[in-house]
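Chemist: one predicted model, sequence on top.
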Amino acid sequence: MFQTLKNAWKTPELKIKLLFTLLIVILYRLGANIPVPWVDSNAITYFEAQTSGTILQYMSLLSGDAFGRATLFALSVSPYITASIVMQLLTIAIPKLEALAKEGESGKKKISAITRIVTVVLALITSFGYAMYLYNFSYNGQRMITFAVGSEGAVFKIIVMIACYCAGAAMVMWLAERINEFGIGNGISIILFANIIARVPTYVANLWNMIYDGSFKPLGILWVVLIIVAVLAVIYFVVWFTNSERRIPVQYAKRVVGRKMYGGQSSSLPMKLNMSGVMPIIFANSIVAIPATIASFFPNSGFWQGVNNIFNYSKPLYIVIFILLLVGFSFFYIMISFNPVEVANNIRNNGGAIPGIRPGRPTIEYIQKILKRITFIGAVFLCCISGLPLIANAIAMLFNFNGLAELAFGGSSLLIVTGVALETIRELEAQLTMRNYKGFLD
């Protein structure tokens, strides 16, 4: 990996792309620290504490703490990700969008334009809900918004806040697309990567504070060693599993065109064990955190506070529902992103066949069978990566030890970070190969 980065830095074109990507990330982090008018800075710490156990905590993780601090880029990439998912679903459900997706580059541009519009609409709705939540949020008897309820010009100030958050989400979308066009890697993934990495100093500081104040008793420093070893082991396991794939052999028939013979060679159809990536984790976290999020809007209601206690991420019910949703969304995402019928038809149209399997329906059924097994293995992998930290945190809470609370969503974060790093390195290697390839004319 480091050798790839070194070689890319020596290549002028790739060096410019790397610097451009770094510049965009720096601009994003600057925007993530720009305060929005009329938000009480004294309430930020209290507000961040109240987001624990709700979807707000996960959104704060994906935004690099911008959501928890109510800054300009508080919504981060969430509206853009949601819009992309919605467009993927609509592309399958609406024939006109499906036809656009098959038109090639022009169709993709039209779908991208529609995705931008959906992103702005979702950002406007989310901005309104977020601004009203801040408007009604109070700490120690004081509201998080500095102007009082019913004060003159309050409506105008709320509109300004909504405009700020909506504009921030649109700006994040624009920055991500600039990375796609002029930089290295996927823009959304790079921004997510930067957001999670930005929280690392906070994790390290919290770990150091827990060591300093004796929170790791009775095992002492052994807890720290166990945490570091666990993190390194998870990183190694994620890298190994992400690179693993199931290869289906494909044999192509010989064809004579003019005086030349084509085909007659063996190939393979690679299928990643973790084809769904981190998307099922995002879906599952969003759904299972809805009860606790609704409860946060009713801080004085005994019923909703009871719901909040039951659906806290350290409770067994939360973990069980989260794991079930994780498995369900893993199969659902594969169903909408991978079409065995289309793959089987492409193999047959190119004169290929799977050895021992007849073309047509038997090939489709064989690919479906392999796909179900791979999806189940990938779902178990996601449950281990995301579920085990939650279980470990719940067990620690039973013994009144809060040292693992920071690692409750650590598995999801490591999966995103390692996945983005691997994909970016693969793209750099492909760019280097394309620029340094020596053909037969050399």
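Modeler: It's in.

Chemist: the helices in the stretch 101-250 of the chain, which residues?
Modeler: 105-136, 154-182, 187-198, 200-212, 221-243 (DSSP state H, counting those that start in this stretch).

Chemist: worst mean pLDDT among those?
Modeler: Mean pLDDT per stretch puts helix 200-212 lowest among the helices of the stretch 101-250 of the chain, at a mean of 72.

Chemist: picking that back up, mean neighbour count, the helices of the stretch 101-250 of the chain: which tops it?
Modeler: Sort these by mean neighbour count, taking mean count of other C-beta atoms under 10 Å, and helix 187-198 sits at the top with a mean of 22. For the C-beta atoms, the positions are set from N, CA and C on the backbone; glycine is no exception.

Chemist: quick one: residues in contact with it.
Modeler: Contacts with helix 187-198, where a contact means C-beta atoms under 8 Å, 6 or more residues apart in numbering, come from 21, 24-25, 28-29, 32, 61-66, 76-77, 80-81, 84, 172, 175-180, 183, 413, 416-417, 419-421, 423-424.

Chemist: in helices only, show me those residues.
Modeler: If you go by DSSP state H, these have 21, 24-25, 28-29, 61-62, 80-81, 84, 172, 175-180, 413, 416-417, 419-421, 423-424 in helices.

Chemist: which of those residues count as buried?
Modeler: Neighbour counting with 16 or more other C-beta atoms under 10 Å marks 21, 24-25, 28-29, 61-62, 80-81, 84, 172, 175-176, 178-179, 413, 416-417, 419-421, 423-424 as buried within the ones in helices among the contacts of helix 187-198.

Chemist: so residue 74 lies in a strand, does it not?
Modeler: No: secondary structure assignment (DSSP: H, G, I helix; E, B strand; the rest coil) places residue 74 in coil, not in a strand.

Chemist: can you pull the buried residues of the helix or strand where residue 19 lies?
Modeler: For residue 19, the host element (DSSP states H and E) is helix 12-31. For helix 12-31, burial by neighbour count (16+ other C-beta under 10 Å) applies to 14, 17-18, 20-21, 24-25, 28-29, 31.

Chemist: please identify which pair of these lies farthest apart.
Modeler: Farthest-apart pair in the buried residues of helix 12-31 is 14 and 31; separation 26.0 Å (C-beta to C-beta).

Chemist: quick one: residues contacting residue 162.
Modeler: Residues counted as contacts of residue 162 (C-beta under 8 Å, 6+ apart) are 124, 127-128, 131.

Chemist: so which of those would you say is closest to residue 362?
Modeler: Residue 362 lies nearest to residue 124 out of these, by C-beta to C-beta, at 49.8 Å.

Chemist: and the closest residue to the closest one other than its chain neighbours, how close does it get to residue 349?
Modeler: What sits nearest to residue 124 in space, not counting adjacent residues and going by C-beta to C-beta, 6 or more residues apart in numbering, is residue 166, at 5.0 Å. Residue 166 sits 46 Å away from residue 349, going by C-beta to C-beta, to the nearest Å.

Chemist: one step back: with distance to residue 334 and pLDDT added, can I get the buried residues of helix 12-31 in a markdown table?
Modeler: Shown next, in a markdown table, are the buried residues of helix 12-31 (distance: C-beta to C-beta, whole Å; pLDDT from 0 to 100):
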| residue | distance to residue 334 | pLDDT |
| --- | --- | --- |
| 14 | 33 | 82 |
| 17 | 32 | 88 |
| 18 | 33 | 88 |
| 20 | 34 | 91 |
| 21 | 30 | 90 |
| 24 | 31 | 92 |
| 25 | 31 | 90 |
| 28 | 31 | 91 |
| 29 | 34 | 90 |
| 31 | 35 | 88 |
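
Chemist: ok, so of those, who is nearest residue 332?
Modeler: Among the buried residues of helix 12-31, and counting by C-beta to C-beta, the member closest to residue 332 is residue 28, at 30.6 Å.

Chemist: and the closest one, what does it touch?
Modeler: Residues counted as contacts of residue 28 (C-beta under 8 Å, 6+ apart) are 73, 172, 175, 191, 194.

Chemist: nearest residue to residue 413 other than its sequence neighbours?
Modeler: The shortest distance from residue 413 to any non-neighbouring residue, by C-beta to C-beta, 6+ apart, is to residue 196 (4.9 Å).

Chemist: measure the one you found to residue 370 for me?
Modeler: With distances taken as C-beta to C-beta, residue 196 is found 33 Å from residue 370.

Chemist: and the angle from the helix holding residue 19 to helix 154-182?
Modeler: 170 degrees (axes from the mean of the first three to the mean of the last three C-alpha atoms, to 10 degrees).

Chemist: centre of the chain versus helix 12-31, how much separation?
Modeler: Going by C-alpha atoms, centre = their mean, to the nearest Å, the spacing between the C-alpha centre of helix 12-31 and its chain's C-alpha centre is 20 Å.

Chemist: in TSV: the helices of the stretch 101-250 of the chain, plus distance to residue 98.
Modeler: Below are those laid out as TSV (distance: least, C-beta to C-beta, whole Å):
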stretch	distance to residue 98
helix 105-136	10
helix 154-182	23
helix 187-198	23
helix 200-212	42
helix 221-243	30
